[in-house]
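Q: Let me see the structure of the following:
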Amino acid sequence: MSFSIMMNRGEAILLDKFLNITQSDRFSLEIINNCIMISSISDDLSHFTMVKINNEFFSKILNTTETNDNTQVELEGEINCKESLDKVTLPKIIFFKSNMKTCQFSLDDSNCKLFYTYKHKIETNISYDKLKYTSLDIEYLSNKTINIDIDFFREILYRYTMQYVEIFIHNNKLTWNINNTTISINIESDVELFLKVSWNHMKRIFSFSLYEYGELSISEDNQTIQILLKRNNVIIESFLANYNEN
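A: Predicted structure coming up:
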């Protein structure tokens with residue numbers, strides 16, 4: 001797989017935000033059906049995020065090669081995953097530079113390169129070698145889904161600090177338990193569930209406010225929570241281990 005992406009300052013800032021949703025020292029990248037797909041998973045396998053970026057998001061994409069050949073494997077961890085043979089794994093990269101004008105990200109068979117342009121015709125190059133880590137995809141079957149109020153979630157996550165997010169959904173109400181306080185809103189859903197996930201992970205998912213649509217779902221075995229968020233040409237799917245043992 002080889003291709004090149006040209007991005008401006010704003011695109012580089014957003015790309016860094018997407019990569020920061022899950023705390024990891026590496027990320028995987030692939031191209032499927034005119035979408036760039038970036039994924040990362042935490043070391044303890046409790047948080048996995050996949051960002052699907054339409055090619056219209058970037059200023060320019062050149063020399064695109066598509067592959068898509070996945071092989072199933074069994075892995076131990078909080079979230080069920082499968083090995084992916086069609087992804088390239090790279091070290092964590094910070095794309096935005098404070099004085100940059102443009103950044104060109106190029107990937108070939110051996111490494112990736114970042115070519116920056118600055119004012120006064122200054123140019124710089126940075127190279128990264130590919131990593132020999134196994135790339136992962138999530139295995140997830142959902143049976144319960146609700147739409148979520150993104151602003152409401154952000155308000156609570158940034159007003160309080162807890163170890164876990166504890167949310168009950170019962171009788172058309174969504175309720176947060178925070179210390180000795182309960183905060184509820186009415187929702188149009190007959191879903192009944194309880195979820196308990198990392199507060200820090202959830203806060204990172206809602207770290208900026210440009211989403212246009214969001215939904216929450218739980219897996220059939222009640223072990224994994226999915227947060228799906230959309231904005232413009234981007235879809236973010238973040239999966240969290242559910243610590244609820246009930």
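Q: Quick check: beta-bridge partners of the residue nearest to the spatial centre of the chain?
A: Residue closest to the average C-alpha location in the chain (Cα atoms, centre = their mean): residue 49, at 3.2 Å. Beta-bridge pairing of residue 49 under DSSP bridges involves residue 40, residue 238.
Q: again with the one 5 residues further on
A: Taking DSSP bridges, one finds residue 35 as the beta-bridge partners of residue 54.
Q: Surely it is in contact with residue 34?
A: Yes. With contact defined as Cβ atoms under 8 Å, residue 54 counts as touching residue 34 (6.9 Å). No exception for glycine: its C-beta is placed from N, CA and C like everyone else's.
Q: Quick check on the two: which one has the bigger neighbour count.
A: The neighbour count for residue 54 versus residue 34, taken as other Cβ atoms under 10 Å, is higher for residue 54 (14 against 11).
Q: quick one: that one from residue 33, how far?
A: Noted for residue 54: a distance of 10 Å to residue 33, by Cβ to Cβ, to the nearest Å.
Q: just to revisit the earlier point, the residue nearest to the centre of the chain touches residue 240, doesn't it?
A: No. Judged on Cβ under 8 Å, residue 49 makes no contact with residue 240 at a distance of 9.6 Å.
Q: could you list every residue that touches residue 211?
A: 150, 229, 230, 231, 236 (Cβ atoms under 8 Å, 6 or more residues apart in numbering).
Q: how far away is the first one from residue 219?
A: Right, residue 150. 22 Å.
Q: same deal with the fourth one?
A: Taking Cβ to Cβ as the measure, residue 231 and residue 219 are separated by 24 Å.
Q: re earlier: what subset of the contacts of residue 211 is buried?
A: Buried residues within the contacts of residue 211, defined by neighbour count using 16 or more other Cβ atoms under 10 Å: 150, 229, 231, 236.
Q: Of these, which belong to strands?
A: With strands defined by DSSP state E, the entries of the buried ones among the contacts of residue 211 inside them are 229, 231, 236.
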